[in-house]
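Enquirer: quick one, fold the following:
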Amino acid sequence: MRTRSILFSKPIKDFPERLIYKSPNTLRAYDGVNGGKTYVYTYKMYDTKAKAVVGLMKAGPVNYKNKRCKVYPMDTPYNSFYISYLETADSGYNYGTDFINLAKSESLHTYCEGRVHLVASRTFSPRRPPHLFYRKLGFQTNSSFLNDVMDFYISIGEQIPWEYSGNVMMYAPVAIKHPKKRSIFSFMVNFFKEKFTKK
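Expert: Okay, here's the model as predicted:
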């Protein structure tokens, strides 16, 4: 018996060049700021033209409650999306940039309000430390001196020296929301409204 489908779909003209798969299960990871374990998801990037996995990222949201253990220069508590591991097959193809953009998007979906942080380390790439790569994407540290050092080496087009490329906590800055100050007039109106309104 032959069947004919009544569903018609247009062929996909622009198939995405890169696909990212997020594992539904979490893995344990070490959080150097809180000094303990946290849980992260695994993200794999697949290049449809190369037909291969070209990158891996392990990341997830972390809650910071302790004022002594925090990344962002703001009041605690807050959530931040922590990238514990990031590796790409080759440089120059924007794989890493795509992962960072994904992390910023995931940060918004996991109630981290755009906050993303990581530890830049030369451990996995001693000849080409990732510090300047993250700095070019807008990441910064809590040390203005180290930020200036990275900016200098970016401007002259050279790699950052060994002594500045240790494990460095870096974060993507976001606009810090401050509570709106109420005027005296609005305060008085609300005060009398609450005082004399019948309940």
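Enquirer: going forward, measure contacts between C-alpha atoms and count neighbours the same way
Expert: Fine.
Enquirer: three-state assignment of residue 138?
Expert: Of the three states, residue 138 takes coil according to DSSP: H, G, I helix; E, B strand; the rest coil.
Enquirer: so what's residue 80 up against?
Expert: By CA atoms under 8 Å, 6 or more residues apart in numbering, the contact set of residue 80 is 61-64, 107, 112-117.
Enquirer: the same query, at a cut-off of 10 Å, please.
Expert: Residues in contact with residue 80 (CA atoms under 10 Å, 6 or more residues apart in numbering) are 60-64, 70-72, 107-108, 110-118, 171-172.
Enquirer: mind checking which of the residues you listed are in strands?
Expert: Counting by DSSP state E, the members of those that fall within strands are 60-64, 116-118, 171-172.
Enquirer: now those residues in TSV, with pLDDT?
Expert: Converted to TSV, the ones in strands among the contacts of residue 80 look like this (pLDDT from 0 to 100):
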residue	pLDDT
60	96
61	95
62	93
63	91
64	90
116	97
117	96
118	95
171	96
172	96
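Enquirer: just among these, which is most surrounded?
Expert: Looking at the ones in strands among the contacts of residue 80 with neighbours defined as other CA atoms under 10 Å, the largest count falls to residue 116 at 30 neighbours.
Enquirer: so what does the helix ranked longest in the chain touch, helix or strand wise?
Expert: Longest helix in the chain, counting residues (DSSP state H): helix 95-109. Other helices and strands packing on helix 95-109, by 3 or more CA pairs under 10 Å, 6 or more residues apart in numbering; DSSP states H and E, are strand 18-31, strand 36-47, strand 52-64, strand 78-88, strand 116-120, helix 131-136.
Enquirer: residue 172 contacts residue 142, correct?
Expert: No - under the criterion of CA atoms under 10 Å, residue 172 is not in contact with residue 142, lying 11.2 Å apart.
Enquirer: between those two, what contacts are shared?
Expert: Applying CA under 10 Å, 6+ apart, one finds that residue 172 and residue 142 are jointly contacted by residue 72.
Enquirer: circling back to that earlier point, who touches the longest helix of the chain?
Expert: In contact with helix 95-109 (CA under 10 Å, 6+ apart) are residues 18, 20, 43-47, 54-61, 79-83, 86-90, 94, 112-117, 133-134, 137, 172.
Enquirer: one more time with 8 Å
Expert: Contacts made with helix 95-109 from outside it, assessed by CA under 8 Å, 6+ apart, are listed as 54-55, 57, 59, 61, 80-81, 83, 86-88, 113-116, 137.
Enquirer: and the two most separated of those residues?
Expert: Taking every pair in these and measuring CA to CA, the maximum separation is 28.0 Å, between 54 and 113.
Enquirer: in the sheet, who's paired with the residue positioned nearest the centre of the chain?
Expert: For the chain, the residue whose C-alpha lies nearest the mean C-alpha position (CA atoms, centre = their mean) is residue 116; its distance is 3.0 Å. Here residue 116 shows beta-bridge partners residue 81, residue 172, assigned using DSSP bridges.
Enquirer: tell me, how many residues neighbour residue 133?
Expert: Per other CA under 10 Å, the neighbour tally for residue 133 reads 16.
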